[in-house]
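>>> Next input, structure requested:
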Amino acid sequence: MANPRAERVAKRIQQIVAQTINTRMKDPRLNMVTITDTRVTGDLQHATVFFTAIGHEHQVKDAARGLEAAKGALRSEVGRQLGLRLTPTLEFVADELPEGARTFEDVLAAALHRDAELARNAEGKEYAGEADPYRKPREVTEDDGAAPSGTGAPSGPVAPSSIAAPLAPEASHETDAPESLA
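Residues are numbered from 1 along each chain as shown. The predicted model follows:
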């Protein structure tokens, strides 16, 4: 409903229907009915009224039958109080929002129960490895200018004789040509 007038009319229809059900309707099926939302088409010709009823599924169906029976009286009251040229038709639809919310709450309760059970099982248990399994960078002190021992790297100054000299060009395989070609 992008139309602001349609939004205002929908809000007013919701108020009128809810007030009429509470004050003028004597049908016992409508005692526990709550009007949750109303949507109106852009041309204001059709209104969909969403409702909930407290109780079981059969009570919601009874409330729907009661609203269908009272549709004419409710439409007359809406037309009288709105003062529009054409009174919108009313359609009553059971709102599924409370059922969805109840299902969502059940899922959250089950997750809370599982979390509590896991916490009970974890009491008194220890980690399989260290408490912090991640490696930390080693700290280099002023005395440790070289690599730590046991890593395969030399720990002190390196003597020039211990460094392998590069191959001389005459010993290189690139310069050796077969004798038959020379």
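>>> Do you know the pLDDT at the most centrally placed residue in the chain?
Closest residue to the average C-alpha location of the chain: Phe104 at 11.5 Å, with C-alpha atoms, centre = their mean. pLDDT recorded at Phe104 is 80.
>>> same thing with Thr175?
52.
>>> now the helices: where do they sit in this protein?
Along the chain, counting by DSSP state H, helices occupy 4-23, 57-69, 71-82, 97-122.
>>> For these, could you give me JSON lines that also reports distance to Arg138?
C-betas here are computed from N, CA, C, even on glycine. Listed next are the helices of the chain as JSON lines, based on distance: least, C-beta to C-beta, whole Å:
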{"stretch": "helix 4-23", "distance to Arg138": "66"}
{"stretch": "helix 57-69", "distance to Arg138": "67"}
{"stretch": "helix 71-82", "distance to Arg138": "79"}
{"stretch": "helix 97-122", "distance to Arg138": "32"}
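>>> Can you tell me which of the ones you listed is nearest to Thr36?
Of all those, helix 97-122 sits nearest to Thr36, with 6.6 Å by C-beta to C-beta.
>>> The closest one vs helix 57-69, what angle?
160 degrees (axes from the mean of the first three to the mean of the last three C-alpha atoms, to 10 degrees).
>>> how far does helix 97-122 sit from the chain's center?
Relative to its chain's centre, helix 97-122 lies at 15 Å (C-alpha atoms, centre = their mean, to the nearest Å).
>>> Run a quick neighbour tally on Leu84.
Close neighbours of Leu84, defined as other C-beta atoms under 10 Å, add up to 13.
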